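Q: Just the structure for this:
(2 chains)
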Amino acid sequence: MVPEWLSAKDNYIPKEEKNLYIEKSIFSLIKIISIIRQNKNQDKLIYSINPTLKVVSVILMILCVSISRSFIYIFIIDIYVLINLFLMEKKSRKRLLLKSFIFPLVTLIALIPSMFYGNINNSLLIFQKLIITILLMNLLSHNTKWSEISKSLKLLFIPDIFIWIMDITIRYIVLLGEHSINLLFALKLRSIGITSNKYNSLTGIMGNLFIKSYKMSEEMFHAMECRGFVGEYTTKVNLKLKKMDYVYLAINILLVSLFIYF
Amino acid sequence: MHIPDNYLSPSTCATFGVAMISIWRRASLKVKKEITRQKMPLLGVAAAFSFLIMMFNVPLPGGTTGHAIGGAIVAILLGPYCAVFAVTIALAIQALFFGDGGILTLGVNCFNMAFIMPFTAFYLFKLIKKLFKNQKGEYIAAFLGGYISVNVAALFAAVEFGVQPLLFKDLSGLPLYSPYGLAISIPAMMIPHLLVVGILEGIITVGAYSYIKKSSPDVIYKGKVSKIKFLYIIIGILILATPLGLLANGTAWGEWGSEEIKNLMGFVPKGIEKGFQFNSPIPDYSFGFLNEYFGYIISALVGVIIILIIFKILGKINIKKDIKGD
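A: Predicted coordinates:
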């Protein structure tokens, strides 16, 4: 016999949870993974320039911009960066522009009180410099393969082992990120209404993530040893230049010499 | 706490960068000793872990969310030297690929979050754990390690911001970089960190630690606190103090020249007026024949060289001690 209370209709309505922390976490993880997995397609001009050259010139340009005090120079670089932006793919263009303007705008608002004390020129300089540096870095990361970027860091005297660890890190961000997305979905499915022990479940996920990463690193070592890893790792810098790369190089030399001129 | 480019002067970035190079060197030597080849991939995976920790949105009272930095939990789980690497790589990836924090300020950001934070957290954790010696004490230690370390790191960041207008001005006396002095930058950074971010970091640290302690306690770092801890503290203070002290202009508090005192107080106390004059080899940290800007850079370089010499000497003392110990 089915007891009566089991057949009675239950109209339990859980109280609505205002905290969207699980969704937000899932969302930011997905965003990170999608940026890493993004297709850096090769058919547009700016994507095909030698990555080593790009990394070196971007870092040099950021250095010049941050030292420079000349409005004219900063303005020229502004134009250069915007031209670069228009050479990008349509999809990423808008997102990049938005991304690189929000933070400088917040800074500009924070600088308003200081502008009242007459500090207008320098504040505007900081604002422009911020836009340029953020845009330059985002352009680089969106139009160049990441493995190539990390390889070309060798030119900056960064040891091979560090580059190797960085490559592992990027790969494992994806793997561990997917693992934690699964965990967060499991948590989301199981939480109905208001959860009283949010912190417990969330820190549990983090703890679990650590144990998982510990195990993964052991597995990875065994996999590497099976393939003949002896603890040495060397990278090669890609320095094959094409016609287009020389044009790019010339533009950059011109911009650096402009920095010296102003 | 990720300081972007152009908030700080290039010379500040260079100084911190060079300070970080010596820390990275030390850490790499230590890590090589501590870690077998088998665990080398762990560094990369741990870096991925500390990167992902920053992606978790944690609910805050009032319906909003925030995220922890995770430097403390990584330090407690893997030891401070591994944490230096893991957090450094996480920060480098953020700067290079995600545009969070600057390229030039990477040294400064690493100093705050990859050096100050894990070391404070780790030694505090060990110290408090020793004081209490029971299960609860361990959790209190983990919480305080997270809470205090993130606040110390924030304080460092605030000081780095705050000294900019003191040190770097254009010809008309207007600040070149971050324009707000210590009186504004310290409260602006410290109030949110003391009230919210620190507590968040503490809760995350204690929660993740207790979970791992319960489910697989053998993965937690068991290295002993070395006896020459004292030396590290001195080195840490030196790294902090030397660039600050050397970069400081004449207007640093309590270091006024007689003219500046006149400006400040309206008159010059007689004792100071007739007091001795100290002629430093680099007056006002600028060389007369160069413009002010290059003077600053050279002063910063001199500071860094002095740090390196002190490092060398301390290293020698350390070696001598070891020989005596044998």
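
Q: Distance of B:Ala188 relative to B:Pro217?
A: 40 Å (Cβ to Cβ, to the nearest Å). Just so you know, the C-beta spots here come from the backbone N, C-alpha and C atoms, and that holds for glycine as well.

Q: residues contacting the residue of chain B found nearest chain A?
A: In chain B, no residue comes nearer to chain A than B:Gly207, which is 2.4 Å away by Cβ to the nearest Cβ. With contact taken as Cβ atoms under 8 Å, 6 or more residues apart in numbering or on different chains, B:Gly207 is in contact with A:Tyr199, A:Asn200, A:Leu202, A:Thr203, A:Gly204, A:Met206, A:Gly207.

Q: Going through those residues, which ones are buried?
A: Buried residues within the contacts of B:Gly207, counting neighbours by 16 or more other Cβ atoms under 10 Å in any protein chain shown: A:Tyr199, A:Leu202, A:Thr203, A:Gly204, A:Met206, A:Gly207.

Q: Distance check, the second one against B:Val206.
A: From A:Leu202 across to B:Val206, the span is 12 Å (Cβ to Cβ).

Q: ok, now the last one?
A: In this view, A:Gly207 and B:Val206 are 11 Å apart by Cβ to Cβ.

Q: Flag every residue of the stretch 1-150 of chain A that's near chain B.
A: With Cβ under 8 Å from any Cβ of the partner chain as the criterion, the stretch 1-150 of chain A comes near chain B at residues A:18-21, A:24-25, A:28-29, A:32, A:35-36, A:59, A:62-63, A:65-67, A:69, A:99-100, A:103, A:111, A:114, A:118-119, A:121-123, A:126, A:129-130, A:133-134, A:137-138, A:140-141, A:146, A:149-150.

Q: Pull out the buried members of these.
A: Here, 16+ other Cβ under 10 Å leaves A:19, A:21, A:24-25, A:28-29, A:32, A:36, A:59, A:62-63, A:65-66, A:99-100, A:111, A:114, A:119, A:122-123, A:126, A:129-130, A:133-134, A:137-138, A:140-141, A:146, A:149-150 buried among the residues of the stretch 1-150 of chain A next to chain B.

Q: sorry, back to before: can you name the helix or strand that the residue of chain B closest to chain A falls in?
A: helix B:198-215 (DSSP states H and E).

Q: Name the residues of that helix that are buried.
A: B:198-213.

Q: can you check stretch A:45-63 too?
A: For stretch A:45-63, by 16+ other Cβ under 10 Å, it's A:46-47, A:49-59, A:61-63.

Q: before we move on, what about stretch B:167-186?
A: B:167-169, B:174-180, B:182, B:184-186.

Q: Could you measure from B:Ala114 over to B:Ala153?
A: For B:Ala114, the distance to B:Ala153 - Cβ to Cβ - is 10 Å.

Q: between those two, what contacts are shared?
A: Both B:Ala114 and B:Ala153 are in contact with B:Gly71, where contact means Cβ under 8 Å, 6+ apart.

Q: Chain B contacts on the stretch 151-262 of chain A?
A: Counting by Cβ under 8 Å from any Cβ, the stretch 151-262 of chain A sits next to chain B at A:162, A:164-173, A:175-177, A:180, A:198-200, A:202-211, A:213-214, A:216-218, A:220-221, A:224, A:231.

Q: so B:Thr205 makes contact with B:Ile140?
A: No. Counting by Cβ atoms under 8 Å, B:Thr205 stays clear of B:Ile140, with 11.2 Å between them.

Q: Contacts only, for A:Leu140.
A: By Cβ under 8 Å, 6+ apart, the residues touching A:Leu140 are A:Lys54, A:Val55, A:Val58, A:Ile149, B:Leu96.

Q: got these as TSV, with pLDDT and distance to A:Ile79 columns?
A: TSV is the format used below for those (pLDDT from 0 to 100; distance: Cβ to Cβ, whole Å):
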residue	pLDDT	distance to A:Ile79
A:Lys54	88	19
A:Val55	88	22
A:Val58	90	16
A:Ile149	84	25
B:Leu96	86	25
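
Q: Show me those residues that map onto strands.
A: Under the assignment DSSP state E, the contacts of A:Leu140 contribute nothing to strands.

Q: Give me the local confidence score for the spatially closest residue to B:Gly181 that is not a sequence neighbour.
A: With sequence-adjacent residues excluded and distances taken as Cβ to Cβ, 6 or more residues apart in numbering or on different chains, B:Gly181 is closest to B:Pro165, at 5.1 Å. B:Pro165 carries a pLDDT value of 81.

Q: Neighbours of B:Pro165, how many?
A: 23 (other Cβ atoms under 10 Å in any protein chain shown).

Q: okay but it is in contact with B:Tyr180, surely?
A: Yes. Counting by Cβ under 8 Å, a contact exists between B:Pro165 and B:Tyr180, whose distance comes to 6.7 Å.

Q: before we move on, which element is the residue in chain A positioned nearest to chain B in?
A: Residue of chain A nearest chain B, by Cβ to the nearest Cβ: A:Thr203 (2.4 Å). Element membership of A:Thr203 [criterion: DSSP H and E] is helix A:198-226.

Q: angle of that helix against helix B:198-215?
A: Note on geometry: by axes from the mean of the first three to the mean of the last three Cα atoms, to 10 degrees, helix A:198-226 and helix B:198-215 are set 60 degrees apart in direction.

Q: so what does helix A:198-226 touch, helix or strand wise?
A: helix A:21-37, helix A:160-190, helix B:40-53, strand B:58-59, helix B:71-78, helix B:198-215 (3 or more Cβ pairs under 8 Å, 6 or more residues apart in numbering or on different chains; DSSP states H and E).

Q: ranking those by burial, who's on top?
A: Stretch with highest mean neighbour count among the helices and strands packed on helix A:198-226: helix B:71-78 (a mean of 31; mean count of other Cβ atoms under 10 Å in any protein chain shown).

Q: residues making contact with it?
A: Contacts for helix B:71-78 (Cβ under 8 Å, 6+ apart): A:206, A:210, B:42, B:46, B:49-50, B:53, B:82-83, B:86-87, B:113-114, B:117-119, B:121-122, B:125, B:142, B:145-146, B:149-150, B:153, B:201, B:204-205, B:208-209, B:212, B:219-221.

Q: and the chain, what are its domains?
A: As the question left the chain open, I've gone with chain A. Domains of chain A are assigned by automatic domain parsing as A:50-144+A:239-262, A:145-231.

Q: ah, no, chain B please
A: B:1-225, B:233-326.

Q: Next, the contact list for the closest residue in space to B:Ala158 that isn't next to it in sequence, please.
A: Leaving aside its sequence neighbours, B:Ala158 sits nearest to B:Met189 (Cβ to Cβ, 6+ apart; 3.7 Å). Residues near B:Met189 by Cβ under 8 Å, 6+ apart: B:Ala154, B:Leu155, B:Ala157, B:Ala158, B:Phe161.

Q: buried sites along the strand or helix carrying the third one?
A: Here B:Ala157 is covered by helix B:135-162, with elements defined by DSSP H and E. By neighbour count, and taking 16+ other Cβ under 10 Å as the criterion, the buried residues in helix B:135-162 are B:138-162.

Q: just stretch A:240-247 next, same as before
A: Of all the residues in stretch A:240-247, those buried under the rule 16+ other Cβ under 10 Å are A:Asp245.

Q: who touches it?
A: A:Leu45, A:Ser48, A:Ile49, A:Asn50, A:Leu53, A:Leu249.

Q: can you tell me which of the residues you listed are in helices?
A: Mapping the contacts of stretch A:240-247 onto helices (DSSP state H) picks out A:Leu53, A:Leu249.

Q: could the contacts of stretch A:240-247 be laid out in CSV, adding pLDDT?
A: CSV is the format used below for the contacts of stretch A:240-247 (pLDDT from 0 to 100):
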residue, pLDDT
A:Leu45, 75
A:Ser48, 79
A:Ile49, 83
A:Asn50, 84
A:Leu53, 87
A:Leu249, 87
